[in-house]
Each structure stands twice: as structure tokens, then as C-alpha cells.
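Undergrad: Here is the input, now give the coordinates:
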Amino acid sequence: MPAKKVKKLSPKEIELLVRARKNRSALAAIKYHFSRPASAAELNAIIDWLKRLGLYREGLHFLQKQIEFTAGKKDELHRKLIQLELARLYYTIGANSYSSRILASLDLKTWGFYKTKAENALANFQYSIAQKNYELYLATYPYPNDYSYRLAQLSFADALIGLQQFERAIDIVKDVLKNSTETMALAIANSCMGEYLARQNHCHEALIFLERAIALMPEDHSMDAAILHKWYGFSLFQMGKRKRGAIEIKIAKKNLRSIGHRVEAQIDLSIREFELGIIEEKALGKRLLYPGLNKSLLEQYQAIIPSRISGKNPLLVIDLPADEYYVRRQPSLGIPLEILALAFLRLAEDLGISKYRLTSLLWPEDYQSPDLLESRLSKIFSRLKKLYKLEIQNINGVFFLPKSKVQKIEVIVRGTSLPSLLRTSPFPSAIQIQSHYQVSRSQSWVIKKNFGNLIRHR
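TA: Down below sits the predicted model:
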């Protein structure tokens, strides 16, 4: 039976399907473009649609096909534009090291590059970099005052809020409210205004804008809706309406767990819960151990971040600074990838960790072949099952340790980088090394040589 022919839809028709959240019809229309080279404008639009639909894997496959189409061709600019879209998709799904590495390799001076660099920086709490690049984007974007321009203005305002420039940010939001006719832009602008007022503890005034935003915002599981519920709940809580506020915050938390697993947004929600007294300092400190968070965020809370995440009578202790791990108190030197994956899963706790973020942490330089990375990850999980009887749980592409095993793993995050033997014996013999690490005679000599290099360079 011949395959059903897909009707080619115009970009406007596809956009309407995406806005209506008609995922199946939208994807069928978008897939028309998968088998042919896409122009720069089509690249940007297709990745934007797939991101908004939450179809990240499809986005990676589409870009992989586009990379294949450019093989042997001399269009270097188009290759860079494909890489730019790859960076844009990677930061959305939390593969921070991949997106940052790609952006650092590009020397583009286009409005699309400025926007992607700004979005990546904003998502990672790098507000100065975000401000600079949003300014460049808004100055070079060829269609001022259209929908995309207005949304970028609001993101620019978010960067200014991160830099404590409230007055300037509020002026930008007022401009969007005054000049926009698009319902969604008005909804997000009202939400932004409510957030900025709530951040300054003007919660009664904030509620006016937040409730306007609720009336305009579609009832879905988008990031915009989650942020709106977060700040609405925050304002209610601050005003003493704790029960209603807690309900809104719970809705925000549920929504954030269902959209792309951009964990930085969930961490920010934990920070708000800490400010409201919903969670304690210790709980926030543990949250901030999440793998791959940006240094600019961690520096603000360094004093409350613990040096380790402990277990109860742990069977496995992973010492990241010393590059050692212990199985039933027996030390081994050099952390293999499967043990490193376990450490990341333990630090992620109940938030879990997406396959894209996990692969970016384990193989930070290998971002070009998502299918190959998935295969590698599958082999690591197979080794964990075979060697440690650990079956990693996969819930919609987000990985978790089994609850029964969580307390059996302890991870040391900060501390001395000296291996355990060097802490008691600065110049150990090969026999001491052989006994301590339970290795062969030949292996002990290799380790002794490496220890010598380590001592000389300290």
C-alpha cells in the first residue's frame, strides 16, 4: 500500500496548528521538510515549532538530516546556521555544555546568532551576556514590532531584572503592553509585569497584572503558563493566602516537570519556595548540587551548598574531586563512566536527569551524533545492571535511580583532590598501592608513576 501523501502547508497554516497544540497534524506538516534541504528561514521556523510542541528528538533528527545534506557542499554559512539551530535546541533541553560549545565555535554576526546567544545566557543566569546580546538582536532584527520582536523585548527585560535594573525593565514591559495586539504577547507582558512587582514585594499590585495574564493565557503546560502560576502563587503566599498560593506553586511545579525538563526553571522555583519558607536552607542546598548548573548561579548560594550528598550505610561512595570510588569500602582509583553516571543521577535526586543533559555531561565534546550518544548511554545502563544489579528508571526520557537504591549511594562533591592513599602516605610504595587499591603488581607501578606526577604538580 503506497504511503499517504502529506499535503504541503504554508508556514502560516503550520503556525496555527502549533498554536492550537494540534501536535499530530503539525508534526505531519513539518515532516514534509525533513527529506529536503531547508533554507535559513525554514530552519529557524521548524526548530521553533518543534520546540514549542516539545518534540525535541524530532528536532535533533531534522538537524542531523540537514547536516547530511550539506556534506560536500561549500556553503559554510548555511552549515553554521544549522549549528546555530542545534545550539538553540540543545540549551532548551538542558544540554548546556553542548550549546555553549557550539556558540563559542561560531563567529556569526546575525540577529539569529545574537538571539540564540542571549537566550542561552538567560537560561543559565548569565544576565550581563544576555543583556548585551538582546541589545544587539533588537538593533539588527529586520522586523521591529512584530510578535517575535515583542517577545524578545520581554526576554530582554528579564535579563535586566537579573541585573536588578527594575525601572528600565518595567518601562520595556509598558511599551509592549501599549503597542501589542497579539493576545499571547499581552498575556506574557502582563505576567512579566506581575513578576517584577512581586519581586519588589508589591504583591497587591502584582496580582492585578497576574490575573489579567491568567485571563489571556491558554490553559496548557507551556513554560509561560508555568512561570505565571509560579509568580501568582508567590504573590498570594506573600499576602498571607498560603493555601491558594501553595496550590498555584504546585501547578507550576507539575507543569515544569512536563516541558522539556529544563531543570534550571525548576531550580528557580525551589529558590522561590526557599524565600517563602516552604522549603528549608538544607533542601535548597541539596537542589543546587544538581549536575551542570552554571557557576554564576552557584556563586550566589555557595555558603549553603553541602560538600556531599550522604547515604545510609552506603554500598557505593563516589569521590568526584579525588577521582575515586569505594564499593563496600574498597577504594578504586579512576571513576569509570558508569559510576560517573550514577553520581549524576544521585545528585539529581527526585528531579531526575534528561538523557540529553546526561550525555552532555558524560561526553561534553560529542554533540554531533545524538543517536550514537543514546547508544552509548544504553550500554552504560546495561553495565550498571550487570555489575551492580541497578536498573535505571526511564520516565519519558528522564532518568532516575530506583528509590530503593538512592540511599545506598553517597557522592562527595567538594573536598581534597588527593587520592585517599596520598592523604596518609605522601610517597607510597608500589606494595602499599597494590594493597590499598587491590590491583596487580604491574598496575601498582603505573599508579605509582602517576602519583609521582600528581605530587610534583601540586
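Undergrad: what's stretch 300-318 in contact with?
TA: 281-282, 284-286, 288-289, 298, 325-329, 335, 339-340, 342-343, 346-347, 349, 388, 406-415 (C-beta atoms under 8 Å, 6 or more residues apart in numbering). Every residue, glycine included, has its C-beta placed from N, CA and C.
Undergrad: first vs last residue of that stretch, how far apart are they?
TA: With C-alpha to C-alpha, to the nearest Å as the measure, stretch 300-318 spans 26 Å from end to end.
Undergrad: Identify the residues contacting the longest helix seen in the chain?
TA: Secondary structure assigned by DSSP state H gives helix 370-388 as the longest helix of the chain. Outside of helix 370-388, the residues that reach it under the criterion C-beta under 8 Å, 6+ apart are 57, 60-61, 64, 316, 337-338, 341-342, 355-356, 358-359, 362-363, 366, 390-392.
Undergrad: From the residues you listed, keep the buried residues only.
TA: Neighbour-count burial within the contacts of helix 370-388 applies to 57, 60-61, 64, 316, 338, 341-342, 355-356, 358-359, 362-363, 390, 392; the criterion is 16 or more other C-beta atoms under 10 Å.
Undergrad: Kindly state the domain boundaries assigned to this protein.
TA: 1-108, 316-417, 419-458 (automatic domain parsing).
Undergrad: Pull the distance from the longest one to the chain's centre.
TA: Right, domain 1-108. Relative to the chain's own centre, domain 1-108 is displaced by 19 Å; criterion: C-alpha atoms, centre = their mean, to the nearest Å.
Undergrad: what about that domain, average pLDDT?
TA: Model confidence over domain 1-108, given as mean pLDDT, is 84.
Undergrad: heads up, I number from 384, so please use that
TA: Okay, residue one is now 384; in that scheme the one you just asked about reads as domain 384-491.
Undergrad: on that earlier part again, quick one: which of the contacts of helix 753-771 sit in helices?
TA: Counted as lying in helices by DSSP H, out of these, are 440, 443-444, 447, 720-721, 724-725, 738-739, 741-742, 745.
Undergrad: TSV for the residues you listed, including distance to residue 832?
TA: Compiled in TSV, the ones in helices among the contacts of helix 753-771 are given as follows (distance: C-beta to C-beta, whole Å):
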residue	distance to residue 832
440	45
443	42
444	46
447	43
720	24
721	26
724	29
725	29
738	38
739	38
741	33
742	33
745	27
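Undergrad: show me where pLDDT drops low in this structure?
TA: Filtered on pLDDT under 70, the chain yields the residue ranges 384-390, 604, 641-644, 834-841.
Undergrad: swap the cut-off to 80 and go again
TA: Within the chain, the segments meeting pLDDT under 80 span 384-391, 402-404, 416-418, 454-457, 602-605, 640-645, 750-754, 809, 827, 829-841.
Undergrad: Pick out the residue closest to the middle of it.
TA: residue 477 (2.3 Å; C-alpha atoms, centre = their mean).
Undergrad: which one among the ones in helices among the contacts of helix 753-771 gets closest to residue 586?
TA: Sorting the ones in helices among the contacts of helix 753-771 by distance to residue 586 puts residue 739 at the head of the list, at 36.8 Å, by C-beta to C-beta.
Undergrad: quick one: contacts for that closest one?
TA: For residue 739, the contact set (C-beta under 8 Å, 6+ apart) comprises 439, 473, 476, 477, 478, 481, 753.
Undergrad: what's the most distant pair in these?
TA: Of all pairs drawn from those, the one with the longest distance (C-beta to C-beta) is 477 and 753, at 13.7 Å.
Undergrad: Just the closest of the contacts of residue 739 to residue 565, please.
TA: Out of the contacts of residue 739, the one with the shortest distance to residue 565 is residue 439. That distance is 25.5 Å, counting by C-beta to C-beta.
Undergrad: burial count for the closest one?
TA: 23 (other C-beta atoms under 10 Å).
Undergrad: pretty sure it contacts residue 476?
TA: Yes - between residue 439 and residue 476 a contact is recorded at 4.9 Å, counting by C-beta atoms under 8 Å.
Undergrad: Contact partners for the nearest residue to residue 621 once chain neighbours are set aside?
TA: Nearest in space to residue 621, with sequence neighbours left out and distances taken as C-beta to C-beta, 6 or more residues apart in numbering, is residue 586 at 4.6 Å. Contacts of residue 586 were listed using C-beta under 8 Å, 6+ apart, and they are 580, 618, 619, 621, 622.
Undergrad: rerun at 10 Å
TA: Applying C-beta atoms under 10 Å, 6 or more residues apart in numbering to residue 586 gives the contacts 577, 580, 593, 614, 617, 618, 619, 620, 621, 622, 623, 624.
Undergrad: OK, contacts around the last one?
TA: Just to be clear, that refers to residue 624. By C-beta under 10 Å, 6+ apart, the residues touching residue 624 are 586, 590, 616, 618, 630, 631.
Undergrad: quick one, phi psi at it?
TA: Residue 624 adopts backbone torsions of phi -90, psi 70, taken as degrees, to the nearest 10.
Undergrad: What's the separation between it and residue 584?
TA: Plainly put, residue 624 is 15 Å away from residue 584 if you go by C-beta to C-beta, to the nearest Å.
Undergrad: Which of the ones in helices among the contacts of helix 753-771 sits closest to residue 606?
TA: When these are ranked by distance to residue 606 (C-beta to C-beta), residue 739 comes first, at 16.7 Å.
Undergrad: I'd guess the residue nearest to the centre of the chain is in a strand, am I close?
TA: No - the assignment for residue 477, made by DSSP: H, G, I helix; E, B strand; the rest coil, is coil rather than a strand.
Undergrad: residues contacting the closest residue to it other than its chain neighbours?
TA: Nearest in space to residue 477, with sequence neighbours left out and distances taken as C-beta to C-beta, 6+ apart, is residue 740 at 4.1 Å. Applying C-beta under 10 Å, 6+ apart, one finds that residue 740 lies in contact with 473, 476-481, 644-646, 673-675, 727, 731, 781-782.
Undergrad: Those in helices, which ones?
TA: The members of the contacts of residue 740 that map onto helices under DSSP H are 473, 479, 480, 481, 646, 727, 731.
Undergrad: would TSV of those residues with neighbour count be doable?
TA: Listed next are the ones in helices among the contacts of residue 740 as TSV, based on neighbours: other C-beta atoms under 10 Å:
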residue	neighbour count
473	28
479	24
480	17
481	28
646	24
727	20
731	23
